[in-house]
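*Asks:* Any chance you can model this:
(one chain, ligands or ions: 1)
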Amino acid sequence: MDRLVNPPRIIGLTGGIGMGKTTVSNYLAQKHLPILDADLYAREVVQTGSPVFAKIIDRYSPKILRSDGTLDRPQLGEIIFNQPSERTWLEQQIHPYVRQILSQERDRLIQKFETIVLVIPLLFEAEMTDLVTEIWVVSCPPDPQIERLIQRGLTREQAQARINSQMTIAEKCERSQVILDNSSTLENLLKQVDSALTQNPEPIKPQPFST
Ligand code: ATP
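*Replies:* Model prediction:
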């Protein structure tokens, strides 16, 4: 077995919406670190024909579909970001699948790589911290966060509703080992990433790995 000598680093990358997680994960991918993206899996589990897709139609009627039969994500977004109980319901359907896929893929990759990255926007909210050995949070002040979301096509109100649906960034920072401050330039952000990669903080807890 060519399993690694050093304990694996499993970085859980999180942060508020629009604060720079993808920017950081793209940079880490350029450095050839394998990336697992929870958002990608969350999209997969609501694809046409999946069990979760069927439950969503049961709950909201076929009006939640576009004319091509796929989920109307903006319409669903309007519901869940304005009604916390609906968001909770949807997350309860999606998160167990996402957790299962992340966990399986993590165990597979950790056989081959010393460091892997799990990008999990709702790492704390979905209680997935046990999947990782260290937590990095990307943080920025509210103004650039809202401006970046508006640039992506959300209204100010929509941006605010999405921000309000998440745990505050202050609390996320408190619970993280590494804080990446994205309040200035990209160059400055990426320097912090380089530094965090060399620092190797103490693991947050021993993880069960299948070897
Ligand atoms: P989401 O939560 O929606 O997935 P995210 O946390 O992954 O968002 P990014 O997509 O990395 O955030 O960044 C949001 C937008 O802000 C992107 O268009 C990105 O290019 C831009 N951006 C991120 N950091 C900076 C920065 N320091 N300066 C200027 N633009 C930035």
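
*Asks:* So which residues on this structure come close to the ligand?
*Replies:* For the chain, the residues in contact with the ligand (CB under 6 Å from any ligand atom) are 15, 17-23, 121, 148, 182, 185-186, 189. The way it works is simple: take the backbone N, C-alpha and C, and place the C-beta from them, glycine included.

*Asks:* rerun at 5 Å
*Replies:* Residues of the chain found near the ligand (CB under 5 Å from any ligand atom) are 17-23, 148, 186.

*Asks:* ranking these by neighbours, who comes first?
*Replies:* Counting by other CB atoms under 10 Å, Met19 has the largest number of neighbours within those, with 27 neighbours.

*Asks:* Can you give me the buried ones in the top helix by length along the chain?
*Replies:* Counting residues, the longest helix found in the chain (DSSP state H) is helix 84-109. Under the neighbour-count criterion of 16 or more other CB atoms under 10 Å, helix 84-109 has 87, 89-91, 93-95, 97-99, 101-103, 106, 109 buried.

*Asks:* any idea which helix or strand comes after it?
*Replies:* Note on helix 84-109: by DSSP states H and E, the next helix or strand toward the C-terminus is strand 115-119.

*Asks:* Which residue is the nearest non-sequential neighbour of Lys31?
*Replies:* Leaving aside its chain neighbours, Lys31 sits nearest to Leu197 (7.6 Å; criterion: CB to CB, 6 or more residues apart in numbering).

*Asks:* what about the protein, any weak spots by pLDDT?
*Replies:* Applying pLDDT under 70 to the chain flags residues 1-5, 205-211.

*Asks:* ok, which stretches of it are helices?
*Replies:* Applying DSSP H to the chain gives helices spanning 21-30, 38-44, 51-60, 73-82, 84-109, 142-151, 156-164, 169-174, 186-199.

*Asks:* Pull out the buried residues from the shortest one.
*Replies:* Right, the one you point to is helix 169-174. Neighbour-count burial for helix 169-174, counted by 16+ other CB under 10 Å, picks out 169, 172-173.

*Asks:* Who are the packing partners of that helix?
*Replies:* Here helix 169-174 touches strand 9-15, strand 134-139, going by 3 or more CB pairs under 8 Å, 6 or more residues apart in numbering; DSSP states H and E.

*Asks:* Now do it: distance to the chain's middle.
*Replies:* Taking CA atoms, centre = their mean, to the nearest Å, one finds the center of helix 169-174 at 15 Å from the center of the full chain.

*Asks:* going forward can the numbers begin at 119, since that is how I track them
*Replies:* Okay, using 119 as the starting number, the last item reads as helix 287-292.
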